[in-house]
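# Structure for the following, please:
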Amino acid sequence: MATERARLLLHPVRMRIVIALSAQELTTRHMQELMPDVPQASLYRAISQLAAADIIKVVSEERRGGAMERTYRIAPEDQARLTTEDLASSSAEEALGVVQALADVMVMSTSRYLAEAGDDWSQSSLTVRHAPLWLTPDERDQLTEDIVGLVADYQAKTRRPESRLHTLQIAAVPEVGPPDVCPNAGASDED
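Just a heads-up that it's a prediction; the model follows:
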């Protein structure tokens, strides 16, 4: 059973909101434009739940006609990060939901980009890669630490006028199969 914080973050709509806000501040209208498949009432309910849990916060309010338009951002970023402990507290179904939500975001982002770029899409920096790796548990932990550090370095860079938002989505998933399928099992690095 997931912890309360994990339960909030593991929900597909709330996760998509957190992912969207991880890049920039957004109004509810902008979030609706990014997630047109999510009913407005569901989006507002999810935003309200994340705000009540201090995972996102209102940074500005502006009256538009008879309604108040709020702009949100992640509050503080580590509060919105899904941890190993969060995943460990979840069910297998919830963990699969995380992967599905990330895959959905990747497909939607790519689709929006390709539609905008038109015939010029091939001139872009779109990169897709699948990399099978044979890792010990310690190597897996080190890889995670290295990736987190590298991404943090790039996130800390000052946003320049020529910058364009890119998303990086990584999932390290253990493969299932017989343990003896490694063709070089037992080989040293010096071989």
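
# Now do the helices in this structure.
Under the criterion DSSP state H, the chain carries helices at the ranges 4-10, 12-21, 28-34, 40-52, 77-80, 84-88, 92-117, 137-155.

# weakest of those in terms of mean pLDDT?
Comparing mean pLDDT across the helices of the chain, the weakest is helix 77-80, with a mean of 64.

# Can I get the helices of the chain in a markdown table including distance to Glu62 and mean neighbour count?
The way it works is simple: take the backbone N, C-alpha and C, and place the C-beta from them, glycine included. Output for these, formatted as a markdown table (distance: least, Cβ to Cβ, whole Å; neighbours: other Cβ atoms under 10 Å):
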| stretch | distance to Glu62 | mean neighbour count |
| --- | --- | --- |
| helix 4-10 | 27 | 19 |
| helix 12-21 | 18 | 22 |
| helix 28-34 | 11 | 16 |
| helix 40-52 | 16 | 16 |
| helix 77-80 | 24 | 15 |
| helix 84-88 | 34 | 13 |
| helix 92-117 | 26 | 14 |
| helix 137-155 | 27 | 11 |
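
# what's the closest of these to His130?
Distance to His130, taken as Cβ to Cβ, is lowest for helix 92-117 among these, at 12.8 Å.

# Can you check what angle separates the closest one from helix 12-21?
50 degrees (axes from the mean of the first three to the mean of the last three Cα atoms, to 10 degrees).

# Does helix 92-117 pack against any helices or strands, and if so which?
Where contact means 3 or more Cβ pairs under 8 Å, 6 or more residues apart in numbering; DSSP states H and E, helix 92-117 is packed against helix 4-10, helix 12-21.

# export those to CSV and tack on distance to Ala92?
Shown next, in CSV, are the helices and strands packed on helix 92-117 (distance: least, Cβ to Cβ, whole Å):
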stretch, distance to Ala92
helix 4-10, 12
helix 12-21, 16
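
# Out of the ones you listed, which is closest to Asp104?
Taking the helices and strands packed on helix 92-117 one by one with Cβ to Cβ, helix 12-21 is closest: 7.5 Å.

# what's the closest one packed up against?
Against helix 12-21 (3+ Cβ pairs under 8 Å, 6+ apart) you get helix 4-10, helix 28-34, helix 40-52, strand 56-64, strand 67-74, helix 92-117.
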